[in-house]
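Visitor: Provided below for reference: sequence and predicted model.
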Amino acid sequence: MTEDVKINRGLKGIYFERSGVSQIDGTRGELSYRGYSIHDLATRSTFEEVAYLLIHGDLPNAAQLADFDARLTAARTLPPAIFDIIAACKGGHPMDVLRTAVSALAALEPGSRQMGEEAFIENGLRLTSQVPMIVAAHEAIRNGRAPVVPDPDLSHAANWLWMLKGEKPSQDAARLADVDFILHAEHGSNASSFAARVTIGTEANLHGAIVTALSTLAGPAHGGAAEDVMKMVQEIGSPENAADYVKTKRKNREAVTGFGHRVYRAEDPRARHMREGVRRLGEEMGAPEWYEILQAVVEAMKPYARHGLNVNVDFYSGVIYQLHGIPMDLYVPIFALGRMPGWIIQCIEQQRQNILIRPLTLYNGPEPRPYLPLAER
Ligand SMILES: CC(=O)SCCNC(=O)CCNC(=O)[C@H](O)C(C)(C)COP(=O)(O)OP(=O)(O)OC[C@H]1O[C@@H](n2cnc3c(N)ncnc32)[C@H](O)[C@@H]1OP(=O)(O)O
Ligand SMILES: O=C([O-])CC(=O)C(=O)O
């Protein structure tokens, strides 16, 4: 009887819920948040507006945005114990440090165990402001510097760069970080958001779900791709080596990182904004070769595009971070900074009509057998 059961490994192509947050057309390579094209949002909006849009459902008016900004800015504080925790694990990967600090915040912050939509928004906005503080504080502490105090006059993206570097970012650098956050803000039932929903499905709280999401984002098949792309670019070294690199990878049936996606069969629509950023920044900074290497890899991968293999959002983002002088192990945490609103609203949607998420695995282990006492085995 079980022979007839259809197994959907990796839940490929399975709809498990409805969502009003973002829409992906994988065949046409289109993405929208709450009905707004990602291209309009990436070129005309800000992270704060997009976060409001995702969480509240509509773009804010001026008063709503001012109030939202004020809430985010006021939340730029961390309990002192968090800095001690960061210092105690400063040698760890920034993603592990971030996850540990968020987990500690669950125990340290009043109200972190509260349930319900208002509590999720309140705790979610606090975490949105605290997550960049944790990553920047870790970067400072591991380099023997004091963490930079947040600047309430700066936007979310500009304040992140200020805390990271200790110097005020140029308008261009702040805008590039803003666009990066917008592009990463939400993406339906991706692995980390799905994992967060599974946590909320058990009626656990938002802090717990964000810890789950951070754990899930960290892998190279998901948020870790940008770091791997940068390593690949360094390994390739020069555009004329790209074709051989791709040939060897394909021959060994290994993934070329930054390519492929569970949903997109056309180019990921977010990639074009990052591609333009790499090209422009590379030229401005007198380092055009990284863009050239990336484009040589794209050229070498062209024969596989007809099978749906195209670049994804993280093919270009790593090089942008590198050009900004950001250490490679911060690339995944930067993805997390952008994804906060997406995780929060996925958790809110899940708990509005909550249901335990619990699929089945089909047993293929040994037939029933007698238990033998230890002496007889
Ligand atoms: C923000 C994000 O999370 S985007 C994803 C970031 N991750 C990466 O860039 C890592 C590289 N990419 C991958 O590992 C994969 O494409 C994933 C994990 C993202 C998606 O995996 P899946 O949905 O399981 O792959 P999918 O079913 O689309 O693969 C179809 C075929 O393309 C191949 N393929 C998929 N991605 C790649 C790749 N990057 N390079 C080479 N071949 C690939 C698979 O081997 C498979 O070939 P086969 O049918 O001959 O076995
Ligand atoms: O949707 C996915 O599977 C992965 C992805 O692109 C994202 O999370 O941004």
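Guide: Sure, I can see it. Numbering: from 1, shown residues only. Ligands and ions are numbered 1, 2, ... in the order given.
Visitor: What is the neighbour count of Ala225?
Guide: Per other Cβ atoms under 10 Å, the neighbour tally for Ala225 reads 26. C-beta here means a position set from N, CA and C on the backbone, and glycine is covered the same way.
Visitor: My read is that it contacts Asn312, right?
Guide: Yes: using Cβ atoms under 8 Å, Ala225 is in contact with Asn312, at 6.9 Å.
Visitor: overlap in contacts of these two?
Guide: Taking Cβ atoms under 8 Å, 6 or more residues apart in numbering as the contact rule, Ala225 and Asn312 both touch Gly258.
Visitor: Run the chain-centre distance for stretch 104-117.
Guide: The chain centroid and the centroid of stretch 104-117 are separated by 22 Å under Cα atoms, centre = their mean, to the nearest Å.
Visitor: Give the rounded mean pLDDT of it.
Guide: The pLDDT scores in stretch 104-117 average 96.
Visitor: on contacts alone, who are the packing partners of the helix or strand encompassing Ala336?
Guide: Ala336 is part of helix 331-352 when elements are defined by DSSP states H and E. Counting contacts by 3 or more Cβ pairs under 8 Å, 6 or more residues apart in numbering; DSSP states H and E, helix 331-352 is packed against helix 47-56, helix 94-108, helix 117-142, helix 171-184, helix 191-201, helix 206-217, helix 225-236, helix 314-323.
Visitor: Dump those into a markdown table; add distance to Ala70 as well.
Guide: Listed next are the helices and strands packed on helix 331-352 as a markdown table, based on distance: least, Cβ to Cβ, whole Å:
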| stretch | distance to Ala70 |
| --- | --- |
| helix 47-56 | 11 |
| helix 94-108 | 21 |
| helix 117-142 | 10 |
| helix 171-184 | 18 |
| helix 191-201 | 26 |
| helix 206-217 | 21 |
| helix 225-236 | 32 |
| helix 314-323 | 29 |
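Visitor: Gly10 is nearest to which of those helices?
Guide: Gly10 sits nearest to helix 191-201 of all the helices and strands packed on helix 331-352, at 9.5 Å, using Cβ to Cβ.
Visitor: what's the closest one packed up against?
Guide: For helix 191-201, the contact count by 3+ Cβ pairs under 8 Å, 6+ apart identifies helix 206-217, helix 331-352 as packing neighbours.
Visitor: buried sites along that helix?
Guide: For helix 191-201, burial by neighbour count (16 or more other Cβ atoms under 10 Å) applies to 191-201.
Visitor: out of those, which one sits closest to Ala146?
Guide: The closest of these to Ala146 turns out to be Ser192 (Cβ to Cβ; 31.5 Å).
Visitor: contacting residues around that closest one?
Guide: Ser192 touches 212-214, 216-217, 222-223, 339, 343, counting by Cβ under 8 Å, 6+ apart.
Visitor: Based on its surroundings, how many neighbours for whichever residue of the chain sits closest to ligand 1?
Guide: Among the residues of the chain, Gly260 lies nearest to ligand 1; the distance is 2.2 Å by Cβ to the nearest ligand atom. Counted by other Cβ under 10 Å, the residues lying close to Gly260 total 19.
Visitor: ok, for it, nearest residue in space, not its chain neighbours?
Guide: Once flanking residues are discounted, Gly260 sits nearest to Leu309: 5.5 Å by Cβ to Cβ, 6 or more residues apart in numbering.
Visitor: Need the pLDDT of the one you found.
Guide: pLDDT, Leu309: 89.
Visitor: Leu164 too?
Guide: We note a pLDDT of 97 for Leu164 in this prediction.
Visitor: That one and Gly325 touch, don't they?
Guide: No: counting by Cβ under 8 Å, Leu164 sits too far from Gly325 to count as a contact (9.7 Å).
Visitor: More neighbours: which of the two?
Guide: Set Leu164 next to Gly325 and count neighbours by other Cβ under 10 Å: Leu164 wins out with 23 against 9.
Visitor: Helix, strand or coil: sort out that one for me.
Guide: helix (DSSP: H, G, I helix; E, B strand; the rest coil).
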